[in-house]
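Student: how would this look folded up:
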Amino acid sequence: MTKQDKSITSKKYFILNKPYGYLSQFTDKYGNLTLSHLFSFPKNVYPIGRLDKDSEGLLILSNDKKLVNFLLNPKNKHEREYFVQVEGVPTRQALDKLESGVFIQERITLPAKVKLIKEPNFPPRIPPIRKRKNIPTSWLSITLIEGKNRQVRKMTAAVGYPTLRLVRVRIKNIKLGNLKPGEARELTLDEIKGLWQ
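Tutor: Residues are numbered from 1 along each chain as shown. Next up is the predicted model:
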């Protein structure tokens, strides 16, 4: 066993599929639903980054402080992929703008990977997405290398296509896969090593 393997096996690493309506934290004085309502994580295990209350999907949790610092350092520019349901069907021009950068929060976003995709096979959201009879919706895959507050929502709104549902499906090499909302599992040794690459 290598030195890195020994270091990894002495720590805890999980992924969780955070459902809609939960905060990415373990306690809340206002009575909101939190991660503690979903799974009994070991002591000192915390989320690496966050998802907004109204966003869903992949969260990585660990007590490995070095990994936390590595993944949260913006200089490392690791990819985060989101499947995003938007109101309307974006034009090629709108997709190009999202890819090249849009002006939000007093700055231009870094280049992103953006494409139209088929509707993913996600369980229905609870509560369901509001539907408008005369306005279609579509799904995008948006991959960022930065993570500003509510960035994806602000980006799609900036080009005229408001976000209705947002699900993070990948962080670097770690994929949400078939994990159901509210479910968690431990990462494998290979998955953890891949996060460092």
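Student: going forward, measure contacts between C-alpha atoms and count neighbours the same way
Tutor: Will do.
Student: roughly how far is stretch 172-181 from the heart of the chain?
Tutor: Per CA atoms, centre = their mean, to the nearest Å, the displacement of stretch 172-181 from the mean C-alpha position of its chain is 10 Å.
Student: start and end of it, how far apart?
Tutor: 20 Å (CA to CA, to the nearest Å).
Student: in this protein, which spans are strands?
Tutor: According to DSSP state E, the chain carries its strands in the segments 13-18, 46-48, 56-62, 80-87, 103-104, 107-108, 113-117, 137-144, 163-171, 174-175, 184-186.
Student: reformat these as TSV; add distance to Pro74 and mean neighbour count.
Tutor: Output for the strands of the chain, formatted as TSV (distance: least, CA to CA, whole Å; neighbours: other CA atoms under 10 Å):
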stretch	distance to Pro74	mean neighbour count
strand 13-18	21	24
strand 46-48	13	21
strand 56-62	17	24
strand 80-87	12	23
strand 103-104	18	14
strand 107-108	15	10
strand 113-117	17	17
strand 137-144	11	21
strand 163-171	14	21
strand 174-175	18	18
strand 184-186	25	16
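Student: how about those in TSV, adding distance to Lys29 and mean pLDDT?
Tutor: As requested, the strands of the chain are arranged in TSV below (distance: least, CA to CA, whole Å; pLDDT from 0 to 100):
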stretch	distance to Lys29	mean pLDDT
strand 13-18	20	98
strand 46-48	18	95
strand 56-62	22	98
strand 80-87	29	97
strand 103-104	31	94
strand 107-108	33	94
strand 113-117	38	98
strand 137-144	32	97
strand 163-171	26	97
strand 174-175	32	97
strand 184-186	24	97
